[in-house]
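K.L.:
here is my input, please return the structure:
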Amino acid sequence: MIIFKATIISRIEKHLLTNRFAQFCGSLLLLIIFTGSVLAEEPRLKVGLLSGGGESSQFWNNMIRFAEAVAEDLNIELVVEYPSPQTAKANMAIGQKLLNEIGSDAYLITPYLGSVTADLLQSANTRDIRVFVINADIPEKEKQFVGQPRIKYSNWIAHSYADDVQAGYLAADEILALFPSAPSSNGQTAIRMVGLTGPFTSQASFNRNNGLKNRISESENAMLYEIREAGYQESSAKTVSKMYLAKYPSLNAVWTASDSMAIGAIDAIKEAGKKPGVDVVVSGVDWTTGGIRAVKSGDMTATIGGHFMEAGIALILIEDYHRNKDFAEELGTVFKIPMYPISKKNIDEYLSIIGTHPNWSKIDFKKFSKTHNKNLQKYNFSWQRIVANMK
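P.N.:
I've put the predicted structure just below:
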């Protein structure tokens with residue numbers, strides 16, 4: 001009897017121990033699952049974007065709409081600020097406000113703004129904020145002060161900028177393609193051109209001007225009378241264009257460094273009783289809605305652009321960098337964004353796919369990221385690839 005009771009007690013204790021072990025294993029499994037899910041849900045990446053233009057700027061609004069679509073696909077919290085007025089003091093104030101908004105362990109995308117950018121780099125460095133500079137090249141005389149990414153400022157991870165020399169060249173090339181390549185029999189050049197550019201202190205203006213001069217130097221049938229500053233402003237461009245038309249009666253081509261200035265030139269040409277696109281041809285840069293409409297109507301020969309994608313491209317590269325896939329291994333830390341022409345030859349195709357108010361949400365931008373697209377071997381941010389994903 002005693003042995004029987006002991007056996008029963010032993011079996012009961014073994015059963016209890018087995019249940020306790022099973023409960024322990026179950027609890028441990030739940031803990032592992034819970035911990036794994038917490039680790040998988042990393043904090044949402046936060047990025048601040050400082051606009052290089054006011055809220056009325058077509059170009060910068062295009063850039064921001066594109067960047068917002070990219071941010072949504074990559075689950076990035078994007079905070080945008082516009083400087084107003086567009087002065088160094090205002091840029092610095094809004095830049096500091098943006099740094100405060102995004103907090104530490106975040107990223108800032110900013111156009112190159114001279115000394116303002118250098119101050120923002122220093123300030124961001126003390127807050128553990130990495131910086132991606134976009135949009136404009138750095139003048140040679142300023143490079144000695146700011147240096148290169150990841151050298152003087154370790155938190156400055158990259159610098160991309162539009163290939164503005166290429167943009168100026170293409171804007172001139174689209175005009176020259178409309179005329180004979182050689183002078184007439186009496187030696188008179190067919191193309192009699194003037195230029196409208198942004199501030200002479202702007203590196204983008206300087207580079208676009210050089211692109212224009214490079215293309216003119218290759219032609220035997222083009223004369224460039226002069227280039228004047230119109231500050232990227234439509235009203236200023238209209239005023240300068242009126243002066244040009246009075247000063248050079250045989251003028252038949254106006255090269256401009258932005259679509260806004262091209263629209264101002266077109267207004268002046270019309271008020272002078274001439275037909276833009278026929279009596280005087282005009283080209284621009286930026287792919288703004290107004291510029292694209294002018295190309296479609298025939299008032300403008302071409303608009304050069306594609307660089308509105310810069311902030312969106314920066315977001316993709318930031319996402320990969322943050323997930324330990326450093327883009328510098330392939331692209332380096334300084335690189336150019338190529339430019340493309342929209343002209344009579346491709347305007348209908350552009351409008352049929354993109355339209356005047358693009359719906360960028362049609363694109364799955366994860367396809368362009370090495371973090372989200374495991375099959376992606378090389379980055380490809382070409383305009384052709386973007387268009388292919390809109391169809």
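K.L.:
just the pLDDT for the residue nearest to residue 323 when sequence neighbours are not counted.
P.N.:
Nearest non-adjacent residue to residue 323, counting by CB to CB, 6 or more residues apart in numbering: residue 371, 4.4 Å away. Bear in mind the C-beta positions are built from the backbone N, C-alpha and C, glycine included. Note on residue 371: pLDDT of 97.
K.L.:
check residue 137 too.
P.N.:
94.
K.L.:
tell me the secondary structure for it?
P.N.:
The three-state assignment at residue 137 reads coil, by DSSP: H, G, I helix; E, B strand; the rest coil.
K.L.:
please tell me how far it sits from residue 271.
P.N.:
Separation of residue 137 from residue 271 (CB to CB, to the nearest Å): 35 Å.
K.L.:
when these two are compared, which one has more neighbours?
P.N.:
Set side by side, residue 137 and residue 271 show more neighbours around residue 137, with 21 against 12, by other CB atoms under 10 Å.
K.L.:
quick check: phi and psi on residue 200?
P.N.:
Backbone torsions for residue 200, taken as degrees, to the nearest 10, come to phi -70, psi -20.
K.L.:
surely it touches residue 206?
P.N.:
Yes - look at residue 200 against residue 206 with CB atoms under 8 Å: they come within range, at 7.3 Å.
K.L.:
what helix or strand does the residue nearest to the spatial centre of the chain sit in?
P.N.:
Nearest residue to the geometric centre of the chain (CA atoms, centre = their mean): residue 310, 1.8 Å. Using DSSP states H and E, residue 310 sits in helix 310-322.
K.L.:
go through the helix or strand just after that helix and flag the buried ones.
P.N.:
Following helix 310-322 in sequence order, the next helix or strand is helix 328-331 (DSSP H and E). Neighbour counts over helix 328-331 (16 or more other CB atoms under 10 Å) mark residue 331 as buried.
K.L.:
how about the strands in the stretch 1-150 of the chain?
P.N.:
Here the stretch 1-150 of the chain has its strands, by DSSP state E, counting those that start in this stretch, at 46-50, 77-81, 106-111, 129-134.
K.L.:
repeat for the stretch 151-300 of the chain
P.N.:
Going by DSSP E, counting those that start in this stretch, the stretch 151-300 of the chain shows strands at 156-162, 191-197, 222-229, 253-256, 281-285.
K.L.:
need those in JSON lines (columns: mean neighbour count and distance to residue 178).
P.N.:
Output for those, formatted as JSON lines (neighbours: other CB atoms under 10 Å; distance: least, CB to CB, whole Å):
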{"stretch": "strand 156-162", "mean neighbour count": "24", "distance to residue 178": "25"}
{"stretch": "strand 191-197", "mean neighbour count": "24", "distance to residue 178": "8"}
{"stretch": "strand 222-229", "mean neighbour count": "17", "distance to residue 178": "11"}
{"stretch": "strand 253-256", "mean neighbour count": "30", "distance to residue 178": "8"}
{"stretch": "strand 281-285", "mean neighbour count": "31", "distance to residue 178": "6"}
